[in-house]
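1. I would like the atomic coordinates for the input below:
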Amino acid sequence: MKQLKYFAGGKWLDSETKKYMDVFNPSTGEVIAQAPCCTKSEVESAIKAAAAAFPAWSATPVMKRVQVLYKLRDLLDQHFDELTELVCMENGKAWGDAQGDVLKAKEGTEQAFAAPNLMLGDSLMDTSVGVDTILYREPMGVFSGIVPFNFPAMIPMGWLFPMCCATGNTMVIKASSMTPMTCMRIAELYQEAGLPDGVLNIVTCSRDEAELLVSHPEVKGVSFVGSATVGLHVYANAAKHGKRVQALAEAKNHALVLEDAPIDRTAAGIINAAFGCAGERCMALPVIVAHESIADELVASITEKAKALKIGPAWNKDTDMGPVVTAAHRDFVLNWIEKGIEEGAKVVLDGRDYKVPGYENGFYLGPTILDNVTSDMTVGMEEIFGPVLCIKRVKSFEEGLSVMNQNRFANGSVIYTQNGYYAREFTRLTHGGMVGINVGIPVPVGMFPFAGHKGSFFGDLHCLGKDGLRFFTESKCVTTRWFDEEEMKREKVDSWDGTV
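-> Next up, the predicted model:
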């Protein structure tokens, strides 16, 4: 059995831990590797390696820093199929979904190319008589990145590290113990691209050891992606220790489908958004709020298309939906389906007992559709993170919007309509931070922030976009004054030193 190492100070090291965590191939159910539960001293060594690398890396001109990212982008292209297969093997994403994961890591890398322009400060001559002021944006030090299992390429190596690196900071990533190998392989490519030792460090560990990444004095900021409960804990604890923090949490995205929406095209978009990545994404679309006049027709179309999905091993290029990540997560999703039935939802399509011939030990679920879900049912309000679609029925646009805004999460929200007035009103009034107009997964491209609201985000600055640049830098204002001969003769200045 392959035992994985941790990465600190530019070296791949064997852990001294006695505890290893299994990494599964979800398509087969086989254990393919074991990730170490790194000790606290090993996590601290990674933090110290990042701190030691910071002075030299932050002093490296930004134009030279981004040269590493240019080389990394070329390596991502060269190893694209290899990385795609690795995502398939450890995460269970279907081939096309896995390609998207790697492409999004590449997109985040390319966005960080803009760091020389984005880090430009501001200046103004003669802010007062003979006084000039300049604002610089500077790196801060060591950041930690605590990432989930569902996007092992995009989140650590697209959302977090590229901009952190380009702006002159260093980072320790706690990779998901369920899907660590993709992140680790890209770290090897960073080494090949010439990244100096210690700028990037990777550990796998339990929550106990990970507390160091939130509280250690050398850590200046924390980026977290995961559950709302843990996210709120990270946010509170990091803030208590004086850290800058962004915590991206859960979601329960809803889509409002109005009477004028084209049924079959809308259903096609919903199928992709609800069941792509087996529903294991925080921008999935697990709830449809359908106008009652078209609800029956819409549900029939969605059901027909869901039944046609080909479910199988992730690496088969004709697979539409792969397995979920582990047997434990499959059981978690199954329990939610049972809960929904107990609460009174109507089962339109049941994916609980789905088996793939030849892969009976894989962690498969078929798509499940639950109709007549109401706002008092938890199945329609809490994140399931699996291939389960809930249907809520409403009588009007206003009722539909109200139903959607009742949810405590507000990552994304969607409306399907051809009516410009309702689209505009929806955009204005929805609580969702990322809004789709006839777009089922409204994740903006990397020059815009991943802007969750309410219980989907804890912090002030989102990842990606200009927010991401600001998160990884701090402002420094420099006020200067040069004395002429007359000024040098002055023996007294006022309380504002001539700046007012």
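2. contacts for the lengthiest helix in the chain?
-> Assignment by DSSP state H gives helix 40-59 as the longest helix of the chain. Outside of helix 40-59, the residues within contact range by Cβ atoms under 8 Å, 6 or more residues apart in numbering are 6-10, 13, 15-17, 38, 65, 138-139, 141-142, 144, 168-172, 196-199, 201-203, 205, 208-210, 212-213, 216, 218-219. All C-beta atoms are positioned from the backbone trio N, CA, C, and that covers glycine.
3. so which bits of it are buried?
-> Using 16 or more other Cβ atoms under 10 Å as the test for burial, helix 40-59 gives 42-54, 57-58.
4. from these, which is closest to E383?
-> V43 (28.1 Å; Cβ to Cβ).
5. counting neighbours, what do you get for R408?
-> Neighbourhood size, R408 [other Cβ atoms under 10 Å]: 13.
6. and it, how far is that from I337?
-> From R408 across to I337, the span is 21 Å (Cβ to Cβ, to the nearest Å).
7. try R490
-> Applying Cβ to Cβ, the value for R490 to I337 is 80 Å.
8. more neighbours: which of those two?
-> Each of R490 and I337 has its neighbours counted (other Cβ under 10 Å); I337 has more, 22 against 9.
9. wait, isn't the more buried one in contact with L389?
-> No: using Cβ atoms under 8 Å as the test, I337 is too far from L389 to be in contact (11.0 Å).
10. any shared contact partners between the two?
-> Here I337 and L389 have T368, L370 as joint contacts, going by Cβ under 8 Å, 6+ apart.
11. and the helices in the stretch 351-500 of the chain?
-> Taking DSSP state H, counting those that start in this stretch to define them, one finds helices in the stretch 351-500 of the chain at 397-405, 420-429, 465-471, 485-488.
12. neighbouring contacts of the shortest one?
-> Outside of helix 485-488, the residues that reach it under the criterion Cβ under 8 Å, 6+ apart are G130.
13. list the buried ones in the helix or strand containing N237?
-> Assigned by DSSP states H and E, N237 falls within helix 228-240. Neighbour counts over helix 228-240 (16+ other Cβ under 10 Å) mark A228, V230, G231, H233, V234, Y235, A238, A239 as buried.
14. could you dump the residues you listed into CSV and include pLDDT and distance to M89?
-> Listed next are the buried residues of helix 228-240 as CSV, based on pLDDT from 0 to 100; distance: Cβ to Cβ, whole Å:
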residue, pLDDT, distance to M89
A228, 97, 29
V230, 97, 26
G231, 97, 28
H233, 97, 31
V234, 98, 29
Y235, 98, 33
A238, 97, 33
A239, 96, 38
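15. possible to save the residues you listed as a markdown table with distance to F161?
-> Listed next are the buried residues of helix 228-240 as a markdown table, based on distance: Cβ to Cβ, whole Å:
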| residue | distance to F161 |
| --- | --- |
| A228 | 24 |
| V230 | 21 |
| G231 | 19 |
| H233 | 23 |
| V234 | 18 |
| Y235 | 21 |
| A238 | 18 |
| A239 | 23 |
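16. okay, and T109 sits in which element?
-> helix 95-112.
17. buried stuff in that helix?
-> Neighbour count says helix 95-112 has 95, 97-112 buried, by 16+ other Cβ under 10 Å.
18. what's around R481, how many residues?
-> 14.
19. give me the distance between it and G440.
-> 57 Å.
20. swap in A98?
-> Per Cβ to Cβ, A98 is found 19 Å from G440.
21. over to K346?
-> In this view, K346 and G440 are 23 Å apart by Cβ to Cβ.
22. re the thing from before, contacts for the helix holding N237, please.
-> In contact with helix 228-240 (Cβ under 8 Å, 6+ apart) are residues 146, 207, 211, 214-215, 221-222, 224, 244-245, 247-250, 383, 409, 455-456, 458-459.
23. same check on stretch 70-82?
-> Contacts of stretch 70-82 (Cβ under 8 Å, 6+ apart): 83, 99, 102, 105-106, 109-110, 113, 185-186, 189-190, 192-195.
24. please consider this matter closed, and thank you.
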